[in-house]
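Engineer: how does the following fold in three dimensions:
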Amino acid sequence: MGKTEKRRARTWTGAVVSRTLRSVLLALASAMLLSGCSVIGIGASVEAGPELFYYGKLEQVLRAPLPEVHDASLRVIREMVSELIEERADSRSAHLSSKSPDGEPLWVDLEALGEEQTRITIRAGLSGDEDRERYILTRIKKRLEGR
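Structural biologist: Residues are numbered from 1 along each chain as shown. The predicted structure follows:
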């Protein structure tokens, strides 16, 4: 292969790599934007990460200390359900267990991820009810934003 052929092959390969790299970066940026991750935070939101629904549970990291999220969760559950079955809490985590008026179980687990962030995991029903879980999480976040 001569000099000109090598140069042409290198240029063509570089162009393909450059296009591929641009496509990958564009796809990653689009996925971040569409998944709820935001690069620029506007306003005083309590959200510190995207909502994730998997295996029947809804999970999100909130920008609030564990005691405040625990208090907000407890108030929302007491407003919504007829019976609080169990409440456990320590300095690093909390667990709330209850039954809704229709008899379905509801669990809220909290985990401190530092002084100002808490992971909340909600499960409604035995197999998970995404709509109900999102409703509960929305009410908890609204209560936290009004703190």
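
Engineer: for the protein, what helix or strand is lowest in average pLDDT?
Structural biologist: helix 3-35 (a mean of 57; mean pLDDT, DSSP states H and E).

Engineer: helices or strands next to whichever helix or strand comes after that helix in the packing?
Structural biologist: Using DSSP states H and E, the helix or strand that follows helix 3-35 in sequence is strand 52-54. Packing contacts for strand 52-54, counted by 3 or more Cβ pairs under 8 Å, 6 or more residues apart in numbering; DSSP states H and E, involve strand 57-62. Backbone N, C-alpha and C define where each C-beta goes, glycine included.

Engineer: now with 10 Å?
Structural biologist: Applying 3 or more Cβ pairs under 10 Å, 6 or more residues apart in numbering; DSSP states H and E, one finds that strand 52-54 contacts strand 57-62, helix 130-145.

Engineer: quick one: which of the ones you listed is nearest E83?
Structural biologist: Of all the helices and strands packed on strand 52-54, it is helix 130-145 that lies closest to E83, at 15.6 Å by Cβ to Cβ.

Engineer: what separates S73 from G2, distance-wise?
Structural biologist: 72 Å (Cβ to Cβ, to the nearest Å).

Engineer: just L62 next, same as before
Structural biologist: 64 Å.

Engineer: so these two - more neighbours on which side?
Structural biologist: A direct count of neighbours by other Cβ atoms under 10 Å for L62 and G2 places L62 higher, at 25 against 7.

Engineer: so that one bridges to which residues?
Structural biologist: Using DSSP bridges, the beta-bridge partners of L62 come out as E47, T118.

Engineer: ditto for R123
Structural biologist: Note on R123: beta-bridge partners by DSSP bridges are W107.

Engineer: and the pLDDT for it?
Structural biologist: Listed pLDDT for R123 reads 95.
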